[in-house]
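Student: Sequence and predicted structure below; questions after.
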Amino acid sequence: MNMENRADAVVIGGGIIGSMAALYLLRSGRAVKIIEREHVAAGASAGNAGILAFPEIVPIPAPGVTFKAPGWLMDPLGPLAIRPAYAPKLAPWFWNFTRASTRRYFERSLGVQKALMKLSVEEYEKLRVEPSLSPFIDNTGTLDLYDSATTFKAAAEDWAHKKAAGFEFHRVGRAEIEELQPGLAPEFQHAIYSEAGLQVNDPAAFTQAVAALAEQEGATILKGEATALEAMENGARIRLADGTTIEAATVVVACGAWSKRLAASLGERVLLDTERGYNTTLPAAAFDIRRQLYFNDHSFVVTPLKDRIRVGGAVEFGGLELKPNFKRSDALMKLATRFLPGLKAEGGEQWMGFRPSMPDCLPVIDRSKKAPAVLYAFGHGHLGLTQSAATGRIVAELAGNTPPSTDLANLRFDRF
């Protein structure tokens, strides 16, 4: 075989998870190739809100959440929507989401997220001193806003979990809310302020900078679409859409929503689905935004980027094939202009992307059973950017057959 078709380690996917995995593999002594079907940061790594959401340790599937879902689904443009044509395919995923919402599963997932976030904080502290990466990370602080005293009180248990995990924050009333973020609608009288909140001011450029750093340290980025994997005696073979193959000692599957298909090519079922996220990115002049703003009762955020403002959030299930429904972006913008009365809504750019998610909203970080040379790193849902560095470290540890920095028992690909 041509030597160009042989490799030491290949990472499939040029998003933030794949780029971080490549960087950590390189620094562990491996020679690395990245295969990306479009370009680095082509998907959710470009369109996310840019929040390093380390305090978000509380699992989305929680006791009582399934009782709220029918109410959300009544509004086709609300915080949760399921496209009717896709509903039958979602049934197994949603059934296991319901299971994950029980108290026992919730407590287990909470523990997993605490450990993973602790590692994420440690690894990002190292990355923040990298000269090519540090300009992308700003300390903006985070303001979590609630519509009423009732909803604020209902969130008390979540904040207690965050406090127990060591995160610092304090309650603020209207006067301090106005000081922290002028121009909010007067209905916001209750909020939590986290002074340590970190913002990636350009998620696409940050991901590209991570990939560029990997290139500088020896990685090669190839354009191609991986369509199937095959186990080999001492590695794995990657089949590409153009008919070529690459053989590697280690293969990392980190292509987000498309990872499920590659696992299936090995005969391994992964209960991965995609949350279709929507946002609108506005010019910086649209509003004087000073913090990351979470509108918790409406499941959307407004965040300050380098020279733009991003309004995004909510969840839609519709798979990879259905066309976007940008009425969801319009609905978020309508809320944003209501809550930020001075917001100029003109000149926005709409986007829809795929958040790869497991029913318990924990990622998959595991080794294939059918092909031990294949490592899985996907399914981070809303937390891919946040947990990318920790995932990169764990991938390098698995590739080097060293004990992982956190327990991976509940991150197996076959846990459902």
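Tutor: Noted; the coordinates are in hand.

Student: going forward, measure contacts between C-alpha atoms and count neighbours the same way
Tutor: Fine.

Student: And T151, which helix or strand is it part of?
Tutor: T151 is part of helix 149-154 when elements are defined by DSSP states H and E.

Student: Would you mind listing the buried residues in stretch 334-343?
Tutor: Of the residues in stretch 334-343, those buried by neighbour count under the rule 16 or more other CA atoms under 10 Å are A336, F339, L340, L343.

Student: mind checking the SS state of the last one?
Tutor: Under the three-state scheme (DSSP: H, G, I helix; E, B strand; the rest coil), the conformation of L343 reads as coil.

Student: going forward, begin numbering at 637 instead of 1
Tutor: Sure, I'll start numbering at 637, so the last one becomes L979.

Student: Not counting its neighbours along the chain, what's nearest A667?
Tutor: Distances taken as CA to CA, 6 or more residues apart in numbering put D644 closest to A667, at 5.6 Å, once the chain neighbours are dropped.

Student: buried sites along whichever helix in the chain runs longest?
Tutor: For the chain, the helix that runs over the most residues, judged by DSSP state H, is helix 739-763. By neighbour count with 16+ other CA under 10 Å, helix 739-763 contains the buried residues 741-743, 745-757, 759-760, 763.

Student: so how far is A658 from R873?
Tutor: Separation of R873 from A658 (CA to CA, to the nearest Å) stands at 18 Å.

Student: more crowded one of the two?
Tutor: Neighbours around R873 and A658, counted as other CA atoms under 10 Å, are more numerous at A658. The numbers are 36 against 23.

Student: which residues touch that one?
Tutor: V647, V668, K669, I670, A847, A850, A855, G1028 (CA atoms under 8 Å, 6 or more residues apart in numbering).

Student: ditto for L971
Tutor: By CA under 8 Å, 6+ apart, no residues touch L971.

Student: Next, W894: phi, psi?
Tutor: phi -90, psi 0 (degrees, to the nearest 10).

Student: Which pLDDT does the model give it?
Tutor: Per-residue confidence (pLDDT) for W894: 95.

Student: ok, it to W987 distance?
Tutor: 19 Å.

Student: Could you do A877 as well?
Tutor: Between A877 and W987 the computed distance is 27 Å (CA to CA).

Student: neighbour-wise, which of these two wins?
Tutor: Remark: of A877 and W987, W987 carries more neighbours, 19 against 12, as counted by other CA under 10 Å.

Student: That one contacts L918, correct?
Tutor: No - using CA atoms under 8 Å, W987 makes no contact with L918, being 11.5 Å away.

Student: any low-confidence regions in the protein?
Tutor: Low-confidence segments of the chain, defined by pLDDT under 70, are located at 637-640, 703, 705-714.

Student: could you pull out the helices for it?
Tutor: Secondary structure of the chain by DSSP H: the helices cover 652-663, 680-683, 701-709, 723-736, 739-763, 785-790, 792-800, 810-816, 839-852, 895-901, 963-975, 1020-1035.

Student: out of the ones you listed, deepest packed?
Tutor: Among the helices of the chain, helix 652-663 has the highest mean neighbour count (mean count of other CA atoms under 10 Å), at a mean of 28.

Student: Helix 839-852 and that helix, what's the angle between them?
Tutor: Put simply, helix 652-663 runs at 20 degrees to helix 839-852, going by axes from the mean of the first three to the mean of the last three CA atoms, to 10 degrees.

Student: Just want the angle from helix 652-663 to helix 1020-1035.
Tutor: On the basis of the same axes, to 10 degrees, helix 652-663 is oriented at 40 degrees to helix 1020-1035.

Student: and the nearest residue to L1047 once chain neighbours are set aside, bridged to which residues?
Tutor: Counting by CA to CA, 6+ apart, V1000 is the residue found nearest to L1047 once chain neighbours are left out, at 4.9 Å. Beta-bridge pairing of V1000 under DSSP bridges involves F1014.

Student: ok, V1000 touching G1020?
Tutor: No - here V1000 lies out of contact with G1020, judged by CA under 8 Å, at a distance of 11.3 Å.

Student: Run through the residues that contact A751.
Tutor: By CA under 8 Å, 6+ apart, the residues touching A751 are T1042.

Student: Next: P1039.
Tutor: P1039 sits next to E1033 when contact means CA under 8 Å, 6+ apart.

Student: thinking again about what came up before, redo the helices of the chain as CSV? Include distance to V937.
Tutor: Converted to CSV, those look like this (distance: least, CA to CA, whole Å):
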stretch, distance to V937
helix 652-663, 20
helix 680-683, 13
helix 701-709, 18
helix 723-736, 23
helix 739-763, 20
helix 785-790, 17
helix 792-800, 18
helix 810-816, 16
helix 839-852, 15
helix 895-901, 27
helix 963-975, 9
helix 1020-1035, 15
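
Student: Please name whichever of those helices is nearest to R927.
Tutor: The closest approach between R927 and any of the helices of the chain, judged by CA to CA, belongs to helix 810-816 at 7.6 Å.

Student: Dump the closest one to CSV, keeping only the CA atoms.
Tutor: Extracted in CSV, the C-alpha atoms of helix 810-816 (Å, rounded to 0.1, in the frame of the first residue of the first chain):
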residue,chain,number,x,y,z
ARG,A,810,-32.9,44.5,39.9
ALA,A,811,-30.4,47.2,40.8
GLU,A,812,-27.4,44.9,40.3
ILE,A,813,-28.9,43.3,37.2
GLU,A,814,-29.2,46.8,35.7
GLU,A,815,-25.6,47.5,36.6
LEU,A,816,-24.3,44.3,35.2
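
Student: can you list the buried residues of stretch 970-979 in JSON lines and add distance to A791?
Tutor: Conversion of the buried residues of stretch 970-979 to JSON lines gives the following (distance: CA to CA, whole Å):
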{"residue": "A972", "distance to A791": "22"}
{"residue": "F975", "distance to A791": "20"}
{"residue": "L976", "distance to A791": "23"}
{"residue": "L979", "distance to A791": "27"}
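
Student: Closest to P822 out of those residues?
Tutor: Of all those, the one with the least separation from P822 (CA to CA) is F975, at 8.5 Å.

Student: Surely the closest one and A821 touch.
Tutor: Yes - the pair F975 / A821 is scored as a contact, 5.0 Å apart, by CA under 8 Å.

Student: Which two of the buried residues of stretch 970-979 have the greatest separation?
Tutor: Using CA to CA, the pair of the buried residues of stretch 970-979 lying farthest apart is F975 and L979, separated by 8.8 Å.
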